[in-house]
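[1] this one's sequence-less:
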């Protein structure tokens with residue numbers, strides 16, 4: 001049922017590096033990247049512990065399941081008006097709203113942890129779980145992903161989220177590959193100029209969040225997290241562009257700045273993700289002489305945090321309706 005061999009690599013960095021020379025719309029300013037890195041110190045780089053009240057702390061198993069449920073539907077929060085969820089006396093938005101919605105459902109005894117019932121989740125039940133003001137894109141896709149999680153857990157993992165995590169045998173790369181192998185919704189790879197480029201954004205983030213939320217213990221006891229890449233979404237390239245590290249062609253810049261939709265799988269969109277992952281790797285390499293233990297996870301969180309400070313960003317993020325991120 002599970003892989004017997006140890007994975008040497010997810011193939012994300014390799015496929016991104018191979019695709020980069022063909023990119024026509026996005027380039028990396030390596031001089032500017034090096035300059036930015038000189039201003040980053042050890043105190044700037046940390047991992048989140050996800051202590052926010054949107055995370056379930058009722059039991060380790062519930063928290064682990066929440067992280068997997070969340071990452072199955074963790075994409076496209078940029079609708080207008082902004083989708084929000086009321087939980088714990090606060091209004092949450094974006095990805096935190098999704099975590100809040102799941103935790104709220106747990107508190108209301110919605111059987112999200114029952115794989116058989118999750119596989120049969122109705123539209124009305126789903127709408128009730130995600131209730132809140134605003135607009136959330138791709139609702140049918142999110143429902144389909146949760147049903148798929150329930151079905152695969154029932155068929156392959158004894159109906160238990162923790163059996164799925166255990167299939168990774170304490171190895172972050174193997175856990176990511178298990179998600180990609182068994183759940184088509186996690187298979188985030190796209191063609192670009194005749195190549196297949198792997199990103200595995202949500203699968204990698206699931207492994208990273210488990211490691212972070214459990215501080216490397218219990219269900220987060222995962223080795224080789226340092227082999228994960230940054231997680232290619234729409235916020236990281238926005239920050240990298242605002243820092244002057246990513247340079248868009250005039251045509252792409254006009255589309256992004258005009259908030260024109262860019263189709264999922266459009267070469268311009270895939271190039272943005274390619275350059276994002278490779279810029280993260282170049283930043284890691286630039287910083288490693290001073291900070292030898294630096295990981296892409298730390299850089300990802302540093303960039304993501306910067307992306308939450310909207311007032312500091314000069315340009316908008318690219319608009320792509322996608323289940324990838």
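    Structure received. These numbers were taken from a predicted model, which means no experiment stands behind them.
[2] Show me the strands in the stretch 101-250 of the chain, by range?
    189-192, 195-198, 246-248 (DSSP state E, counting those that start in this stretch).
[3] Now render those strands as JSON lines, adding mean pLDDT.
    Shown next, in JSON lines, are the strands of the stretch 101-250 of the chain (pLDDT from 0 to 100):
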{"stretch": "strand 189-192", "mean pLDDT": "98"}
{"stretch": "strand 195-198", "mean pLDDT": "98"}
{"stretch": "strand 246-248", "mean pLDDT": "98"}
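[4] which residues touch residue 44?
    Taking CB atoms under 8 Å, 6 or more residues apart in numbering, we find residue 44 in contact with residue 302. For every residue, glycine as well, the C-beta is placed using N, CA and C.
[5] Could you check how far it is from residue 242?
    Here residue 44 is placed at a distance of 17 Å from residue 242 (CB to CB, to the nearest Å).
[6] Surely residue 149 is in contact with residue 69?
    Yes: using CB atoms under 8 Å, residue 149 is in contact with residue 69, at 7.0 Å.
[7] Between these two, which has more neighbouring residues?
    residue 149 (29 against 25; other CB atoms under 10 Å).
[8] Run through the helices of the protein in chain order.
    Taking DSSP state H to define them, one finds helices in the chain at 12-19, 30-38, 60-72, 94-107, 115-119, 123-129, 139-156, 161-166, 172-182, 201-213, 235-242, 250-257, 267-287, 296-307.
[9] Rebuild the strands of the stretch 101-250 of the chain as a markdown table, extending it with distance to residue 214.
    Formatted as a markdown table, the strands of the stretch 101-250 of the chain follow (distance: least, CB to CB, whole Å):
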| stretch | distance to residue 214 |
| --- | --- |
| strand 189-192 | 28 |
| strand 195-198 | 26 |
| strand 246-248 | 33 |
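[10] deepest of those, which one?
    strand 246-248 (a mean of 20; mean count of other CB atoms under 10 Å).
[11] what separates that one from the chain centre, distance-wise?
    Relative to its parent chain, strand 246-248 has a centroid offset of 22 Å by CA atoms, centre = their mean, to the nearest Å.
[12] contact partners of it?
    Residues contacting strand 246-248 (CB under 8 Å, 6+ apart): 25-29, 237, 240-241, 256, 272, 275-276, 279.
[13] Parallel or antiparallel, which strands does that strand pair with?
    strand 26-28 (antiparallel) (DSSP bridges).
[14] about what we covered before: pull out the buried members of the contacts of strand 246-248.
    When the contacts of strand 246-248 are checked for burial by 16 or more other CB atoms under 10 Å, the buried set is 25, 26, 28, 29, 237, 240, 241, 256, 272, 275, 276, 279.
[15] Who are the contact partners of the last one?
    Yep, that's residue 279 we're talking about. 28, 33, 230, 240, 245, 246.
[16] now with 10 Å?
    26, 28-30, 33, 36, 230, 236-237, 240-241, 243, 245-246, 299, 303 (CB atoms under 10 Å, 6 or more residues apart in numbering).
[17] Next: the third one.
    For residue 28, the residues meeting the contact criterion (CB under 10 Å, 6+ apart) are 20, 240, 245, 246, 247, 274, 275, 276, 278, 279, 282.
[18] Make JSON lines from the residues you listed and add distance to residue 201 to it.
    Formatted as JSON lines, those follow (distance: CB to CB, whole Å):
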{"residue": "20", "distance to residue 201": "17"}
{"residue": "240", "distance to residue 201": "15"}
{"residue": "245", "distance to residue 201": "19"}
{"residue": "246", "distance to residue 201": "17"}
{"residue": "247", "distance to residue 201": "22"}
{"residue": "274", "distance to residue 201": "12"}
{"residue": "275", "distance to residue 201": "14"}
{"residue": "276", "distance to residue 201": "10"}
{"residue": "278", "distance to residue 201": "14"}
{"residue": "279", "distance to residue 201": "15"}
{"residue": "282", "distance to residue 201": "18"}
